[in-house]
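> based on what follows, work out the 3D shape:
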Amino acid sequence: MIKPFFSPGLWVLTFLMASFGGFAQTVEMVKWPRVAQILRQSSDTTYILNFWATWCKPCVAELPHFEQIGQEFANKKVKIVLISTDFAKEINSRVVPFVQKQKLKNTVWLLNEPDANAWIDKISPKWSGAIPATLIFNNKRRKKSFFEQTLDSPRLRQELTDFL
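I've put the predicted structure just below:
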């Protein structure tokens, strides 16, 4: 009698590990009203909205800092949303593979709003439209800071601590 390479128990375990062990981060495509909804939140959560793109070297360079801060403040009322400004048609060919390769854990959205002029001023009137750009806010505390520059972990930590 020839023994199977996998025992039934090992086959089930292998299947489960393949299915769930490599959980892949998803990227949700959103329209402006979804972002506006977060901007109106009245909770005591501090939000960090980072606007970036896969083709932007400074944006890509700062993403690990947002991941680090996300882990450090995981037990606090802090929510990080990484908002890609890549073209919507590139979500599956470029953005999702990039997010998975980088193993991003924070929430990732792709903002499907081709007319940036319609929403940039709603993030900050100071924003020229250049990326990377980051908005940190807590509506309950009536506090908001906007940065049109690259941020590193120490600076993010310092800014975020001022909100908590």
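
> would you mind measuring from the closest residue to residue 43 other than its chain neighbours to residue 159?
Spatial nearest neighbour of residue 43, chain neighbours left out: residue 140 (6.4 Å); criterion: CB to CB, 6 or more residues apart in numbering. Where C-beta positions appear, they are placed from N, C-alpha and C, glycine not excepted. Separation of residue 140 from residue 159 (CB to CB, to the nearest Å) stands at 17 Å.

> give me the contacts around stretch 32-43.
47, 49, 77, 81, 83, 109, 111, 113, 118-119, 122-123, 137, 139-140 (CB atoms under 8 Å, 6 or more residues apart in numbering).

> show me where the chain has helices.
Residue ranges of the helices in the chain, as given by DSSP state H, are 8-16, 32-39, 57-72, 96-102, 120-123, 153-161.

> where among those is average confidence lowest?
Ranked by mean pLDDT, these bottom out at helix 8-16, which scores a mean of 38.

> before we move on, the earlier item: so which of the helices of the chain is nearest residue 25?
Residue 25 lies closest to helix 96-102 among the helices of the chain, at 5.1 Å (CB to CB).

> so residue 140 and residue 159 - more neighbours on which side?
Relative neighbour count places residue 159 above the other of residue 140 and residue 159, with 17 against 13, counting by other CB atoms under 10 Å.

> thought the more buried one was touching residue 137?
No: assessed by CB atoms under 8 Å, residue 159 is found out of contact with residue 137, at 11.0 Å.

> quick check: neighbours shared by the two?
Common neighbours of residue 159 and residue 137, using CB under 8 Å, 6+ apart, are residue 145.

> which residues are contacting stretch 96-113?
24-32, 34-35, 51, 54, 60, 63, 66-67, 70-71, 79-86, 88, 91, 95, 119.

> so for it, what gets flagged as buried?
For stretch 96-113, burial by neighbour count (16 or more other CB atoms under 10 Å) applies to 96, 98, 99, 102, 104, 106, 108, 109, 110, 111, 112, 113.

> just the buried ones from the contacts of stretch 32-43, in ChimeraX syntax?
Applied in ChimeraX, the following selects the buried portion of the contacts of stretch 32-43 according to 16+ other CB under 10 Å:
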select :47,49,81,83,109,111,113,123,137,139
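
> farthest pair in the contacts of stretch 32-43?
77 and 118 (30.2 Å).

> out of the contacts of stretch 96-113, which are buried?
Buried among those (16+ other CB under 10 Å): 27, 30, 35, 51, 54, 63, 66-67, 70, 79-86, 91, 95.

> got the helices of the chain as CSV, with distance to residue 146 columns?
CSV is the format used below for the helices of the chain (distance: least, CB to CB, whole Å):
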stretch, distance to residue 146
helix 8-16, 44
helix 32-39, 12
helix 57-72, 15
helix 96-102, 24
helix 120-123, 7
helix 153-161, 11
